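S.K.: return atomic coordinates for the entry below.
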Amino acid sequence: MNILSGFFSEDLAIDLGTVNTIVYTPTEGVVLNEPSVLAINKYSREVLSVGAQALKLLGREPNDTEVRRPIRRGTIDDFEISQQFLRTLISRVQHHDHPKRSHLVIGVPGSSTPLERRSVKDAARDAKAGRVDLIDEGLAAGLGAGLDFDYEQARMVVDIGGGTTNIAILASGGVISSMSLHAAGNAMDDAIRDYLRLRYAVHFGERTIERVKCELGSACTDNFDARFDKQLEIVGKQLANGAALPIVVNAREVRSAIEPVLAEILAAVRRVIEDASPEVTADIHYSGLILTGGGALLHGMAGRLQSDLNLQVTVPEDPLTTVALGAGRLLSDPERLQRASLRLDVPAWEQSEKLVVNW
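M.R.: A predicted model of the protein is given here:
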């Protein structure tokens, strides 16, 4: 048995996020939490660095280096890059240059298509995974937030990540309904960048926009909130002549910029509740919703959901790791994992991106 154990690693639960990737093992807990960024050599395609080290190069890449994000809007953006990224992370967790065959449980958006799910599964298998199970991120977030497998009343989970917002209604350890939309952290970044570009005719880099969102972003509707007195000086590149230009942006500007994204998230939550059965709606009225993901850290987000939806909102102690923790709970329960695993055996016409009919 000791000899055989050397060929296989312990199981891994992975939250393959657009912004961050988190890896969890049942024996050690969260063992890796890194930005979903990969730096590769342009010519040899060799992996130079991943995670925080690669993120440092973003916007300042040497001429022989590419810095890529393998995941966009919750799905595989580049298959080869994603495979390299996963293989490098697994090697780091296993402390081995050549990854061993392992069992991976990966969270995917609830509205992901069979093609998108298959691309995640294939990338993981090419990264030397022996078995891959995909689960709904909404279910994983709920379990990671502490929901009981046997709790029969319906609970709503809103997981606002970087690429997608996942909205799920759960009961008895299963998914009643689930949907995902692209209104999330990256959409807020895009909205802030577009506003500054139009307002000041200045272009800003990705890391600067992220800093503006974290320091000035707010979902609060109270105009007297002290947050709105904050200002931040940032330096961008003028569109007219390419010269550097410092500007001072305030929190009120940032709130107005991201408001359409927040409104889209709220509208989606309302639609999910409207489509639910009367019994589920009653359960949600009494139990409220659980807010997870990086969006839970946005100033005033929980209060905004609570006031606009008239529901009690609960935020876990660490909302960033709930998907990985929930996937890890399923790793420890094979029977429930089999039930929760998303199936890929769909009709052929659903596996194609488009159905072409020649009349």
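S.K.: where does Val93 land in three-state SS?
M.R.: helix (DSSP: H, G, I helix; E, B strand; the rest coil).
S.K.: my bad, should have said Arg193
M.R.: Assignment for Arg193 (three-state DSSP): helix.
S.K.: show me what Val202 bridges to in the sheet.
M.R.: Gln238 (DSSP bridges).
S.K.: the stretch 101-250 of the chain: helices as residue ranges?
M.R.: 114-126, 137-144, 185-200, 206-216 (DSSP state H, counting those that start in this stretch).
S.K.: okay if I get those helices as JSON lines plus distance to Arg227 and mean pLDDT?
M.R.: All C-beta atoms are positioned from the backbone trio N, CA, C, and that covers glycine. Listed next are the helices of the stretch 101-250 of the chain as JSON lines, based on distance: least, Cβ to Cβ, whole Å; pLDDT from 0 to 100:
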{"stretch": "helix 114-126", "distance to Arg227": "37", "mean pLDDT": "86"}
{"stretch": "helix 137-144", "distance to Arg227": "26", "mean pLDDT": "94"}
{"stretch": "helix 185-200", "distance to Arg227": "15", "mean pLDDT": "96"}
{"stretch": "helix 206-216", "distance to Arg227": "8", "mean pLDDT": "94"}
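S.K.: most tightly packed of those?
M.R.: helix 137-144 (a mean of 30; mean count of other Cβ atoms under 10 Å).
S.K.: now the helices of the stretch 101-250 of the chain in JSON lines, with distance to Leu170?
M.R.: As requested, those are arranged in JSON lines below (distance: least, Cβ to Cβ, whole Å):
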{"stretch": "helix 114-126", "distance to Leu170": "19"}
{"stretch": "helix 137-144", "distance to Leu170": "5"}
{"stretch": "helix 185-200", "distance to Leu170": "23"}
{"stretch": "helix 206-216", "distance to Leu170": "29"}
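S.K.: between the ones you listed, which one is closest to Leu309.
M.R.: helix 137-144 (16.8 Å; Cβ to Cβ).
S.K.: quick one: list the elements packing against the closest one.
M.R.: Under the contact criterion of 3 or more Cβ pairs under 8 Å, 6 or more residues apart in numbering; DSSP states H and E, helix 137-144 touches strand 102-108, strand 155-160, strand 165-171, strand 174-181, strand 289-292, helix 322-331.
S.K.: what's the closest non-adjacent residue to Ser256?
M.R.: If the residues on either side of it in the chain are set aside, Ser256 comes closest to Tyr195, at 7.6 Å by Cβ to Cβ, 6 or more residues apart in numbering.
S.K.: I figured the one you found hits Arg255, correct?
M.R.: No - at 10.6 Å, Tyr195 and Arg255 do not qualify as touching, with contact defined as Cβ atoms under 8 Å.
S.K.: any common contacting residues for the two?
M.R.: Overlap of the contact sets of Tyr195 and Arg255 (by Cβ atoms under 8 Å, 6 or more residues apart in numbering) is empty.
S.K.: circling back to that earlier point, and the helices of the stretch 101-250 of the chain: which comes nearest Thr25?
M.R.: In terms of Cβ to Cβ, the element of the helices of the stretch 101-250 of the chain nearest to Thr25 is helix 137-144, at 14.4 Å.
S.K.: strand 155-160 and the closest one, what's the angle between them?
M.R.: Here helix 137-144 runs at an angle of 110 degrees relative to strand 155-160 (axes from the mean of the first three to the mean of the last three Cα atoms, to 10 degrees).
S.K.: list of residues touching helix 137-144?
M.R.: 15, 74, 107-110, 149, 155, 157, 159, 161, 164, 166-168, 170, 173-175, 178, 180, 290, 292-293, 316, 321-330, 340.
S.K.: filter the residues you listed to the buried ones?
M.R.: Buried members of those, scored by 16 or more other Cβ atoms under 10 Å, are 15, 74, 107-110, 155, 157, 159, 161, 164, 166-168, 170, 173, 175, 178, 180, 290, 292-293, 316, 321-330, 340.
S.K.: picking that back up, and Leu48, which of the helices of the stretch 101-250 of the chain is closest to it?
M.R.: Nearest of the helices of the stretch 101-250 of the chain (Cβ to Cβ): helix 206-216, 18.5 Å.
S.K.: rewinding a little: nearest to Ile284, out of the helices of the stretch 101-250 of the chain?
M.R.: That would be helix 137-144 among these, by Cβ to Cβ, at 12.7 Å.
S.K.: centre of the chain to the closest one, how far?
M.R.: The chain centre lies 12 Å from the centre of helix 137-144; the measure is Cα atoms, centre = their mean, to the nearest Å.
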